[in-house]
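[1] Have a look; sequence and predicted model below, questions after that.
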Amino acid sequence: MCSFDFKKVYGELGAEFCEVHHLKKLADAEKYVETTLSDLSVVCSNCHRIINRTNSMKTIAEMKDMLLLGK
């Protein structure tokens, strides 16, 4: 989403590191939710925390717009 490269910053320790974000808010689920790959997005740790910071979870597209526009 933001193109942060953990390997460039942390060297080999950061190689192939990422977090996976559920596109549907699991906290709102009433029961067990089966997750498929299309329900997930790869994001950096900072973006993941910001996306989940509010009750009205922002979409990946909304976050990209925020990053590009500096809002």
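    In hand now; what should we look at?

[2] just checking, what packs against the lowest-mean-pLDDT helix or strand in the chain?
    One helix or strand of the chain scores below all others by mean pLDDT, DSSP states H and E: helix 60-69, with a mean of 85. Here helix 60-69 touches helix 45-51, going by 3 or more Cβ pairs under 8 Å, 6 or more residues apart in numbering; DSSP states H and E. C-beta here means a position set from N, CA and C on the backbone, and glycine is covered the same way.

[3] quick one: contacts of the helix it packs on?
    In this structure, residues lying in contact with helix 45-51 by Cβ atoms under 8 Å, 6 or more residues apart in numbering are Met1, Cys2, Phe4, Glu19, His21, Val43, Met57, Lys58, Ile60, Met63.

[4] So the fifth one belongs to a helix, correct?
    No: the assignment for His21 by DSSP: H, G, I helix; E, B strand; the rest coil gives strand, which leaves it out of any helix.

[5] my read: it touches Asp39, true?
    No: using Cβ atoms under 8 Å, His21 makes no contact with Asp39, being 9.6 Å away.

[6] Among the contacts of helix 45-51, which pair sits farthest apart?
    Checked with Cβ to Cβ, the contacts of helix 45-51 reach their widest spread between Phe4 and Met57, with 19.8 Å between them.

[7] Tell me how far Ser45 lies from Ser38.
    Going from Ser45 to Ser38 by Cβ to Cβ, to the nearest Å gives 22 Å.

[8] circling back to that earlier point, quick one: which of Phe4 and Met57 has more around it?
    Met57 (17 against 14; other Cβ atoms under 10 Å).

[9] Skipping its backbone neighbours, what lies nearest that one in space?
    Distances taken as Cβ to Cβ, 6 or more residues apart in numbering put Lys25 closest to Met57, at 5.1 Å, once the chain neighbours are dropped.
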